[in-house]
Structure formats: structure tokens, C-alpha cells
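> show me how the following folds:
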Amino acid sequence: MADVLVPLSFFAFLTAIILVPGYLKSKDRTRLHETLRIAYEKGQPVPPELIQALQSGNEVSKDVNRSEKDLRAAVILIGLGLGLVAMSFALGQTEGADAQFSTLAGATIPGFIGLGFLVLWYVNRDKPKV
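Just a heads-up that it's a prediction; the model follows:
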């Protein structure tokens, strides 16, 4: 039973990760269209930027600088990497060096991606907001 359940749950989880965000985005766009329809029926003005964003398929941009998003991603990923490093040292105390070095190796991936985002933030920090 476990031989079938484990691979099946992996593929179900993978499918959910891929499909659920698209479904939620579709629901949000449907609610936005419904709100615009009601506003139009009641005679409320609809901003042309909103209509243009809907036609182009882009989200309505929030007034956030790209470098701020890079810094946020860097902090999260570096924190994840440091958390994995701490976990590796805890595993090294209980299970031996093999678990410690494996977890340290896994911690390098989000850590270095976070450092890359930190470099992007440093390069783009003085650029104007888009």
C-alpha cells in the first residue's frame, strides 16, 4: 500500500502546487471583472490604467520598487539557509556527521540564491520605482 501511496501523494502534491495558484488567480480576476461590471452599471468611472492592465494580462502594479522585492526575497532565502544550517548542527549532535553534512549541503542552495538577490538589491537600490 505504501509503495503506491507515496508516489501518488508526491504527484498529487506536485499537481496541486502547479494548478492551485492559477486557479486562485483566475478566481481573483473573475471577482475583479464582477466588481468592474457592477461599478460600470452604477455609473462609477473606471480608471483607464485598470482596463489597460486587464487587457494586457498584467496585474495592477503595486507601488513597490523592484529592489525592495529583491531585498525581501534575499532576507527570506538567507534566513532559510541559516535555519537549515542550525538544523544541521542539531542533527550533528544527535545522528552523526552524515546528516549534518547533507543538511549543510542543502542549506547552500537557498543561501546562495539569497546572496544573489542581495546583490541584485544592491545594484538596483538607487533606481526609480517603476
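> mind giving me the domain split of the protein?
If you go by automatic domain parsing, the domain ranges for the chain are 1-61, 62-130.
> please name the residues that touch the residue nearest to residue 111 when sequence neighbours are not counted.
Nearest in space to residue 111, with sequence neighbours left out and distances taken as CB to CB, 6 or more residues apart in numbering, is residue 81 at 2.9 Å. C-betas here are computed from N, CA, C, even on glycine. Contact analysis of residue 81 by CB atoms under 8 Å, 6 or more residues apart in numbering lists 107-112, 114.
> change it to 6 Å
Contacts for residue 81 (CB atoms under 6 Å, 6 or more residues apart in numbering) come out as 107, 110-111.
> the protein: helices as residue ranges?
With DSSP state H as the definition, the chain shows helices at residue ranges 2-41, 48-56, 66-94, 97-124.
> that older thread, how far away is the residue nearest to residue 111 from residue 102?
Residue 81 is 15 Å from residue 102, where distance means CB to CB, to the nearest Å.
> do the same with residue 118
25 Å.
> who has more neighbours, the two?
Between residue 118 and residue 102, counted using other CB atoms under 10 Å, the more crowded position is residue 118 (17 against 12).
> in contact with that one, which residues are there?
residue 74.
> try 8 Å
By CB under 8 Å, 6+ apart, the residues touching residue 118 are 70-71, 74, 78.
> middle-most residue in the chain, spatially?
residue 73 (8.3 Å; CA atoms, centre = their mean).
> residue 126 versus that one, what's the distance?
Here the criterion is CB to CB. By it, residue 73 lies 19 Å from residue 126.
> go on, residue 110?
For residue 110 relative to residue 126 (CB to CB), the value is 27 Å.
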